[in-house]
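Peer 1: my questions concern the predicted model and sequence given below.
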Amino acid sequence: MTHDYTLERRDAYALGTLSRAERNHLDEHLAVCASCSRAIGEAERVVCEMIEMTTPLVNAPATLESRIKRIAEPQRSKLALWRARSSAMWGALAAAVILTLGLTTMHFRQETLRSDAVLATIATSHFKHVSLTSRAIGAPPAKVLYAPDRSWIYLIVDAAPCECHLIAVYGDRVRDFGAPEENDLTSTLFIKDAGKPTSVRLVGNSGVLADGDLK
Amino acid sequence: MTLHSIGQSRIKTSSEIEDASIARDFSERRPEALAAAYRAYSQLLYSIARNVLGNDEDAEDCVHDALTRVWRHGFSYRTERGTLKSYLSVCVRNEAISRRRSDTRHSQIERDAFLDTPQSYEIEVVDHAQRASLRQALESLPDEQRQVIELSYFRNLTQTQISDRLGVPLGTIKSRVGLAMQRLKNALRAVSA
């Protein structure tokens, strides 16, 4: 998917002349491209004005609002589950780091942190962390540890295997860092020279699974 | 039927309250944002679906399914895309058009779309600068550009169908749509500037 491909179809998208499959295809690119989002937003604005000019308004039935409210309800319980799992995952990671610091002379090797370089970087640095926000049903909980200057990032996905890619966003540019590697219960990916991304996205076959800003 | 012959009758607009706030919450997927967005735009969204599908039951399902898809696969809305109202309106309209295309019960409607049966479309007559500018831009489009917009927007034909109907190459149709849309975007930009 390219900018040209998306921009070529932006008017057809807004006018409703694309098939559902074509629209889904474009949506995948729009999820990670701010410039194309702005471009398609302009076309949508034109169509929305045309809609408002030409559509006689009728009131929606009262039953519809209750149906709409229910759409978000499963997300709430999923959010609670995510928070609980996220806390457990974070606790486990903290324990792993502390344990690693104490056992470095024993050449302790553990599975989550795959290499000495990763260990050294994380254990000897200040770092921040962000829990990625779920954007799709079934998205696995995921967390990113990163340097305060965002020079390195470390992705931990609470699923193994995880059929996903890590996309780093740099303003209007994105970079695909590929799939995390499967460990015992998690999948991880360490990017030593991340290049200061402003946000990250976990992208699966059907689109963005989760994302988060690196502040 | 041309844009020049659009009938004129007063209709209400949906409220524009808290648009930016709702859009921000929606993009951050706050659980309460979906219901808030629906409350703000329910009349418009339902009317869009009702207008395309022609009956209440299908319109209700259409809005529900469109918002379900948007929310659960909600990766495509970000605030830089524009207003949430525009985004949701186009999503619901696209869903309605897809349903109509795929529903054999509406085959007669599809056939009618190819006919020059006069239809009356209502247009809001309010002193709204953007809308007035857009309307003026629509009416001043060259005939061949206005024609493809009419067939795309009002009759919901695909570009391939328009190409077949007019006997004009698909690339030419795409080009005409692109030129027409650019003029309309420029008209809105000029009002916003």
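Peer 2: Now that the structure is in, tell me what you want to look at. Numbers count the residues shown, from 1 in each chain, chains lettered A, B, ... in the order given.
Peer 1: check contacts around the residue in chain B that chain A sits nearest to.
Peer 2: Across chain B, the shortest distance to chain A (Cβ to the nearest Cβ) belongs to B:G82, at 3.1 Å. Quick note: C-beta positions are derived from backbone N, CA and C, even for glycine. Going by Cβ atoms under 8 Å, 6 or more residues apart in numbering or on different chains, B:G82 touches A:38, A:41-42, A:44-45.
Peer 1: go again using 7 Å as the cut-off
Peer 2: Counting by Cβ atoms under 7 Å, 6 or more residues apart in numbering or on different chains, B:G82 touches A:41, A:44-45.
Peer 1: can you tell me how far the residue nearest to A:A139 when sequence neighbours are not counted is from A:L155?
Peer 2: Nearest non-adjacent residue to A:A139, counting by Cβ to Cβ, 6 or more residues apart in numbering or on different chains: A:L209, 3.9 Å away. As defined by Cβ to Cβ, to the nearest Å, A:L209 lies at a distance of 12 Å from A:L155.
Peer 1: with B:I48 instead?
Peer 2: In terms of Cβ to Cβ, B:I48 sits 40 Å off from A:L155.
Peer 1: what do you get for A:G138?
Peer 2: A:G138 is 18 Å from A:L155, by Cβ to Cβ.
Peer 1: leaving out chain neighbours, which residue sits closest to B:E32?
Peer 2: B:D25 is the one closest to B:E32 (Cβ to Cβ, 6+ apart), at 7.1 Å.
Peer 1: look up how far B:D19 lies from that neighbour.
Peer 2: Taking Cβ to Cβ, one finds B:D25 at 11 Å from B:D19.
Peer 1: what's the answer for A:D211, then?
Peer 2: 23 Å.
Peer 1: the two: which is more packed in?
Peer 2: A:D211 (24 against 15; other Cβ atoms under 10 Å in any protein chain shown).
Peer 1: domain ranges for the chain, per the record?
Peer 2: Just going to use chain A. Per automatic domain parsing, the domain ranges recorded for chain A read A:3-54, A:72-213.
Peer 1: try chain B instead
Peer 2: According to automatic domain parsing, the ranges for chain B are B:16-106, B:124-193.
Peer 1: surely B:R24 is in a strand?
Peer 2: No: read with DSSP: H, G, I helix; E, B strand; the rest coil, B:R24 is helix and lies in no strand.
Peer 1: count the neighbours of it for me.
Peer 2: Using other Cβ under 10 Å: B:R24 sits among 14 other residues.
Peer 1: that one - nearest residue in space that isn't next to it in sequence?
Peer 2: Excluding the flanking residues, the one nearest B:R24 by Cβ to Cβ, 6+ apart is B:T79, at 6.0 Å.
Peer 1: touching, the one you found and B:D25? I think so.
Peer 2: No: counting by Cβ atoms under 7 Å, B:T79 stays clear of B:D25, with 10.2 Å between them.
Peer 1: name the helix or strand for B:D58, please.
Peer 2: helix B:56-72 (DSSP states H and E).
Peer 1: ok, and the closest non-adjacent residue to the residue of chain A found nearest chain B?
Peer 2: Proximity of chain A to chain B (Cβ to the nearest Cβ) peaks at A:G41, 3.1 Å away. Leaving aside its chain neighbours, A:G41 sits nearest to B:G82 (3.1 Å; criterion: Cβ to Cβ, 6+ apart).
Peer 1: quick check, pLDDT for the one you found.
Peer 2: The confidence metric pLDDT takes the value 89 at B:G82.
Peer 1: what does B:S192 give?
Peer 2: B:S192 is given a pLDDT of 67.
Peer 1: now the helices: where do they sit in chain B?
Peer 2: Secondary structure of chain B by DSSP state H: the helices cover B:19-27, B:33-53, B:56-72, B:84-102, B:107-113, B:129-139, B:143-149, B:159-166, B:170-192.
Peer 1: closest one to A:T17 among those?
Peer 2: Closest to A:T17 of the helices of chain B, according to Cβ to Cβ: helix B:159-166, at 5.3 Å.
Peer 1: where does chain A dip in pLDDT?
Peer 2: Within chain A, the stretches with pLDDT under 70 are A:1, A:74-125, A:184.
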